[in-house]
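Trainee: here are the coordinates; sequence isn't available:
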């Protein structure tokens with residue numbers, strides 16, 4: 001809701017003033033083709049890799065990897081909290097980042113959560129939504145997944161701020177990105193059990209609802225979405241490090 005990020009070349013997008021919710025998927029035909037093709041690639045490569053990672057990687061190592069990437073994403077979160085004038089949260093998450101980076105040994109241990117500092121999640125797509133930018137049309141992008149034109153505009157900045165600026169070596173960037181993709185895909189395995197009906201429409205509906213929920217800071221209550229997200233992060237609940 002982390003969301004798979006790769007470098008995108010984006011053109012400038014001008015959002016129309018009229019309400020796009022009347023037709024939030026004008027590119028449905030193209031989106032479905034891309035979705036089917038990527039779903040085949042996922043089934044042949046990403047999903048089996050994620051299953052091997054799930055079945056053969058010790059839980060404490062998986063937890064450490066998740067903590068590490070969560071800690072890197074704190075920089076993106078803090079920047080966007082400042083842009084949204086959420087200064088108290090920005091200060092809190094700065095403290096989180098400093099604690100986990102130092103006492104948590106580079107973030108592999110989530111010491112801050114144990115100390116009572118809750119983790120938050122903000123990105124540039126949410127910031128644009130916070131300041132009133134409309135979603136724009138729904139799009140499904142290869143290796144990125146479900147998105148909207150608004151969220152795509154925010155991906156390059158969030159990708160950069162999620163630790164990539166600190167990695168100089170190209171080989172290391174490839175390794176970190178690959179590991180991030182596998183870790184993210186592994187967390188999605190459990191949630192797949194909840195998919196019913198048209199898979200394309202299901203994925204779109206969950207994405208749009210979850211993004212709306214994030215932009216509104218959880219003020220949207222959707223019982224199914226809560227169940228889906230709890231299934232997605234159920235491994236995170238029993239322990240914090």
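Mentor: Structure received. Bear in mind that the values here come from a model prediction, so they are computed numbers and not experimental data.
Trainee: ok, and for the lengthiest helix in the chain, which residues are buried?
Mentor: Longest helix of the chain, by residue count under DSSP state H: helix 59-83. Residues of helix 59-83 classed as buried by neighbour count (16 or more other C-beta atoms under 10 Å): 62-83. Glycine gets a C-beta too; all of them are placed from N, C-alpha and C.
Trainee: and if you look at stretch 181-198?
Mentor: Of the residues in stretch 181-198, 181, 182, 183, 184, 185, 186, 187, 191 count as buried by neighbour count, 16+ other C-beta under 10 Å.
Trainee: circling back: what's the angle from the following helix or strand past the longest helix of the chain to helix 59-83?
Mentor: Later in the chain than helix 59-83, the nearest helix or strand by DSSP states H and E is helix 87-102. Calculated by axes from the mean of the first three to the mean of the last three C-alpha atoms, to 10 degrees, helix 87-102 forms an angle of 150 degrees with helix 59-83.
Trainee: out of the buried residues of stretch 181-198, which sit inside helices?
Mentor: Applying DSSP H to the buried residues of stretch 181-198, the entries found in helices are 181, 182, 183, 184, 185, 186, 187, 191.
Trainee: what residues does the fifth one make contact with?
Mentor: Okay, so that is residue 185. Going by C-beta atoms under 8 Å, 6 or more residues apart in numbering, residue 185 touches 4, 42, 46, 47, 49, 50.
Trainee: hmm, 7 Å instead?
Mentor: Contacts for residue 185 (C-beta atoms under 7 Å, 6 or more residues apart in numbering) come out as 46, 47, 50.
Trainee: quick one: the second one from residue 182, how far?
Mentor: Applying C-beta to C-beta, to the nearest Å, the value for residue 47 to residue 182 is 10 Å.
Trainee: about what we covered before: which helices and strands does the longest helix of the chain pack with?
Mentor: Packing partners of helix 59-83 (3 or more C-beta pairs under 7 Å, 6 or more residues apart in numbering; DSSP states H and E): helix 87-102, helix 124-130, helix 149-161, helix 170-191.
Trainee: what residues does that helix touch?
Mentor: The contact list for helix 59-83 (C-beta under 7 Å, 6+ apart) reads 89-90, 93-94, 96-97, 100-101, 104, 106-110, 119-124, 126-127, 158, 161-163, 179-180, 183, 239, 241.
Trainee: hmm, 8 Å instead?
Mentor: 2, 53-54, 87, 89-90, 93-94, 96-97, 100-101, 104, 106-110, 119-124, 126-127, 157-158, 161-163, 179-180, 183, 186-187, 235-236, 239, 241.
Trainee: coming back round to it: list just the nearest of the ones in helices among the buried residues of stretch 181-198 to residue 35.
Mentor: For these, the minimum distance to residue 35 (C-beta to C-beta) is 15.8 Å, reached by residue 185.
Trainee: so what pLDDT did that closest one get?
Mentor: The score at residue 185 is 91. That number is its pLDDT.
Trainee: got it, and the one 3 residues further on?
Mentor: Model confidence at residue 188, given as pLDDT, is 89.
Trainee: from residue 38, how far off is residue 188?
Mentor: Applying C-beta to C-beta, the value for residue 188 to residue 38 is 13 Å.
Trainee: hmm, I was thinking of residue 95
Mentor: For residue 95, the distance to residue 38 - C-beta to C-beta - is 39 Å.
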